[in-house]
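[1] sequence plus the predicted model coming up.
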Amino acid sequence: MPQTRCHQFNVHLLPCTHPGCHCLLKNQSALTQHLRAMHQHSFQIPERHQSSVTVEEVPDGPDLSENDRWQANFTTIIQALMVRCICNEAGQFLDPKMSPPAFTMKSLKDWAPYRNCLEFGMAESLFKKTQISAADIDKLLHFWGITLAVHGDNPPFSDHKDLYNVIDNTPLGDVPWESFKMEYAGDRLGGETSWMNKEYEVFYCDPHKAVQNMLANPDFKDKIDFVPYHEWEEHPDGSHNRRCRDFMSADWAWEQADIISADPATHGSTFVPIILRSDKTTVSVTTGQNDFYLLYLSISNSIDPCYHKFKKELFHTALTQILENLKPGMTMPEVAQCADGHYRHVIYGIGPYIADYEEQVVLAGIVRAATQSSDLDGDGGPQSCKLLDALIEEVDLGTLWDEWGFIADIMPFTNNFPRVDIYKLIAPDLLHQIIKGIFKDHLVAWVQLYLECTHGEARAKEIMDDIDKWIAVAPSFLGLRHFPEGRGFSQWTGDDSKALMKVYISAIKGHVPTEMTTGVHDHFSLPHQHSISHYPFLVRQFGAPNGLLKQPWQCSSKFNALGQMVCTNTCLDQLAAARVDFTECGMLDVLSFHIFMGLTVLSEHKRAHTILNLSKELHLPELPTLLQYFLHDQLYADNNHTSADVPLCQYPTFTRHIQVVNSAIATYFAPSDPSGLGGMHHECIHSTPSWCHGPPHHDCMFVSMDNTTGGINSMEIACVLCFSSFSYRNTVWPCAAVHWFKCIGSRPDEDMGMWMVRPSMNEDQSHEISIIYVDSIFHTAHLEPMFGDKFVPEHVNFHNSLDAYMGFYVNKFADHHAFKITS
């Protein structure tokens, strides 16, 4: 007999009742579980070490001798000559205190071209979020239509064509794609080949319109720096460091502002740098034949030197044509609306060009062979347009090629624009040069080659399998991907390489010589390694921009994909712009489509409600006594008295209700990509008896023990066994039970450069346990077992590796804060 179905669809969603939360829940049970999981079963660790910022307008650099300037941790010095002026739409300057004009005057019911919020949400979900195929969209809408037909109603869209047409009609974010064709017009005396008769099509969006859209996007209103600035950090010892974090905090933007401000015609304008990037990328793993540049210029693999020259000319000519509409705005300011609603005079400038080594050769117009010297780190002055111009006057093209490495008959596209020197604008490509180039293509391949040459292929495979096992058993860490099969997967993404970099060095120690774990060798002279020597200067100049996507290729039919990729990009832009517009008008809650289906956090276990029951749950009979120690130290201890000075019978006692939770939230300042432009970041520190219905999960963390010093010498490392809170004498006490780790030695390991720790044990060989106040928790810590030269036992996995080993490296590569604490 068929079973009765008890789950029925409910069209009415329940809003979360917690202040500031906009989540929608499907039913009362889901709401209750959401409240417990997201708002009751976690508590905030008070913000620690958050930077305060002062802003000063000074015409010159900072006078570091002024004591009052360094009262805050960070001092921001803005470019005073680049005045922050606003104007009206006609370009007339206004009082800087004036409010911006209204963002829009349209009706709150105007969802055009969509009929309503549901239709927009469905379009965004199908095309952007789920990215299902046209055939699956038709099936979904067909089944949906059948259920609605009995009510005389229709689904939001009739089929995929209807969906695509509505998205195409979205007026916002619509910078139309344009194209032009180029063909070879050079000498054919040496004979004709097929490439000489081909047309080469370039698709592009007008960068002028695209930049105007970005400037006016209200989603960026608190994320745009309109003025260059320098930021300085003060250390406890009174010293200071310059910090280049965002692009506008670096030197090049400041220098450009000096040039622009010196011209009366452009004084008071906002400098808008145009950051460019290209990357020849293979988008088909199966055949490896579909090669495109980021501007989607298709190429082939001819070995004809004449064709190679033509490709470079094609590349530079295409970029010149694409950027032509920006050129007038590079010398004369134009009025543009900005994300905060104000109008400003803006002046454009071609900024840094992010490119991998191969693209840098094309961009700079140099001979690749000249860069393959046996000693890239030897003597050699910087190249520049002025040097090239001077050499052209004095020597012939052959000498320029052979002795100087210039291809003088290739004119870089930058020669057509003002204030641009391509040799000074080559920016670091962290993904391809460091993450992929040095780590994956060099270090990982080098280790495998060494093992095969030293031990033979069979033994090398056994060792590589053990390295994979080491990677797989690395303890969990927030934001660190787990690799259950080690590094043995067919295709690595940039995120894969970033994650593996954090655990790979400790995994190979013991299997390879020390020189390979330190990555230092006196006789290497490879382009990717050599590029690192320029990074300190380049980061001071430009910061560290990064990023590249290949999603449009995945959404195409893979056959003649350029046009399809263009359409996909356009639709994604239009959906994103529509969401920003509807949200800014108050028509669409930012999280209105993020529907939570039920409990999302950690565990269904019922936790203890008294300290005695918690001690049984954790198998810690000493826990009630430890709580007495904790209360005494919090209430009575000072610099001269601790709980050790008082008999146990005089300690405070607590036997009432406690609340045990599975996580705590730490908020801190972290100048890194995941933290966004503001730099503030928060993370959950977990301690749960069952992670995703599996084994327990307990994070490790740095605990601050001394606020007068910095670094790891002011920290202890502990593993959290549980978080809890209770009320005593009208005060809520959030606390954590932890077991401690102690440093091995007084300095980091010489080979690994990482601190080593071991579990702290009592005289009876039990773990040293304490209860600490959550305010002392600084940041999560990642411990990696010291495997030695022995293979990993079969029973060890990433859940129990903290219990299986007695020595650990403190992974300084886990994230920004871990590196800063342990370095």
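    In hand now; what should we look at?
[2] so which helix or strand takes in the residue lying closest to Cys85 once chain neighbours are set aside?
    Once flanking residues are discounted, Cys85 sits nearest to Gly268: 4.4 Å by C-beta to C-beta, 6 or more residues apart in numbering. C-beta here means a position set from N, CA and C on the backbone, and glycine is covered the same way. Under the criterion DSSP states H and E, no helix or strand holds Gly268.
[3] around Gly268, count how many other residues there are.
    Applying other C-beta atoms under 10 Å, we find 19 other residues in the vicinity of Gly268.
[4] for Cys567, same thing?
    Neighbours of Cys567 using other C-beta under 10 Å come to 17.
[5] the one 4 residues further on too?
    Neighbour count for Cys571, taken as other C-beta under 10 Å: 22.
[6] residues in contact with it?
    Residues in contact with Cys571 (C-beta atoms under 8 Å, 6 or more residues apart in numbering) are Phe127, Tyr164, Ile167, Asp168.
[7] and the helix or strand encompassing it, how far out from the chain middle?
    Per DSSP H and E, Cys571 falls inside helix 561-584. Its chain's average C-alpha position is 22 Å from that of helix 561-584, according to C-alpha atoms, centre = their mean, to the nearest Å.
[8] avg pLDDT for that helix?
    For helix 561-584, the mean per-residue pLDDT is 71.
[9] now do stretch 398-409
    Mean predicted confidence for stretch 398-409 is 79.
[10] can you check stretch 142-153 too?
    pLDDT averaged over stretch 142-153 gives 88.
[11] now do the buried residues in that stretch.
    Trp144 (16 or more other C-beta atoms under 10 Å).
[12] list the residues that contact Ile347.
    Ile260, Thr266, Ser269, Thr270, Phe271, Val272, Gly329, Met330, Thr331, Met332, Pro333.
[13] one more: Ile611?
    Listed by C-beta under 8 Å, 6+ apart, the contact partners of Ile611 are Leu623, Pro624, Leu627, Phe654, Thr655, Ile658.
[14] dump the contacts of Ile347 to TSV, plus pLDDT.
    Converted to TSV, those look like this (pLDDT from 0 to 100):
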residue	pLDDT
Ile260	89
Thr266	87
Ser269	89
Thr270	90
Phe271	91
Val272	91
Gly329	94
Met330	94
Thr331	92
Met332	93
Pro333	93
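[15] which among the residues you listed count as buried?
    Applying 16+ other C-beta under 10 Å to the contacts of Ile347 flags Ile260, Thr266, Ser269, Thr270, Phe271, Val272, Gly329, Met330, Pro333 as buried.
[16] and which of those is nearest to Arg459?
    The closest of these to Arg459 turns out to be Val272 (C-beta to C-beta; 58.4 Å).
[17] go ahead and confirm the closest one touches Tyr348.
    Yes - between Val272 and Tyr348 there is a contact under C-beta atoms under 8 Å: 5.2 Å.
[18] residues shared between the contacts of those two?
    Val211.
[19] list the residues that contact Ile463.
    Ile463 makes contacts with Leu451, His455, His511, as judged by C-beta under 8 Å, 6+ apart.
[20] filter those to the buried ones?
    So, by 16+ other C-beta under 10 Å, the buried ones in the contacts of Ile463 are Leu451, His511.
[21] mark which of the contacts of Ile463 are part of helices, please.
    In this view, the contacts of Ile463 that belong to helices under DSSP state H are Leu451, His455.
[22] of the contacts of Ile463, which is the nearest to Ala637?
    Closest to Ala637, out of all of these and judged by C-beta to C-beta, is His511, at 48.4 Å.
[23] so for that closest one, what's the nearest residue that isn't a sequence neighbour?
    Closest to His511 by C-beta to C-beta, 6+ apart is Ile463, at 5.3 Å.
[24] and that neighbour, helix, strand or coil?
    helix (DSSP: H, G, I helix; E, B strand; the rest coil).
[25] ok, Leu363 next?
    helix.
[26] what's the answer for Gly152, then?
    Applying three-state DSSP: Gly152 is coil.
[27] contacting residues for the closest residue to Pro428 other than its chain neighbours?
    Nearest residue to Pro428 in three dimensions, chain neighbours excluded: Leu538, at 4.9 Å (C-beta to C-beta, 6+ apart). For Leu538, the contact set (C-beta under 8 Å, 6+ apart) comprises Ile426, Ala427, Pro428.
[28] low-confidence ranges in the stretch 451-600 of the chain?
    Residue ranges of the stretch 451-600 of the chain with pLDDT under 70: 478-495, 518-529, 544-566, 588-600.
[29] strands along that one, start to end?
    595-596 (DSSP state E, counting those that start in this stretch).
[30] hang on, the earlier thing: output the helix holding Cys571 as CSV, nothing but the C-alphas.
    What follows is helix 561-584, C-alpha atoms only, in CSV (Å, rounded to 0.1, in the frame of the first residue of the first chain):
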residue,chain,number,x,y,z
ALA,A,561,31.7,29.1,-28.5
LEU,A,562,32.8,32.8,-28.7
GLY,A,563,29.3,34.2,-29.5
GLN,A,564,27.7,32.0,-26.8
MET,A,565,30.2,33.1,-24.2
VAL,A,566,29.6,36.7,-25.1
CYS,A,567,25.8,36.2,-24.6
THR,A,568,26.3,34.5,-21.3
ASN,A,569,28.5,37.3,-20.0
THR,A,570,25.9,39.9,-21.1
CYS,A,571,23.1,38.1,-19.4
LEU,A,572,25.1,37.7,-16.2
ASP,A,573,25.9,41.4,-16.2
GLN,A,574,22.2,42.3,-16.8
LEU,A,575,21.0,40.1,-13.9
ALA,A,576,23.6,41.5,-11.5
ALA,A,577,22.7,45.1,-12.5
ALA,A,578,19.0,44.4,-12.1
ARG,A,579,19.5,42.9,-8.6
VAL,A,580,21.5,46.0,-7.5
ASP,A,581,18.9,48.3,-8.9
PHE,A,582,15.9,46.5,-7.3
THR,A,583,17.8,46.3,-4.0
GLU,A,584,18.8,50.0,-4.0
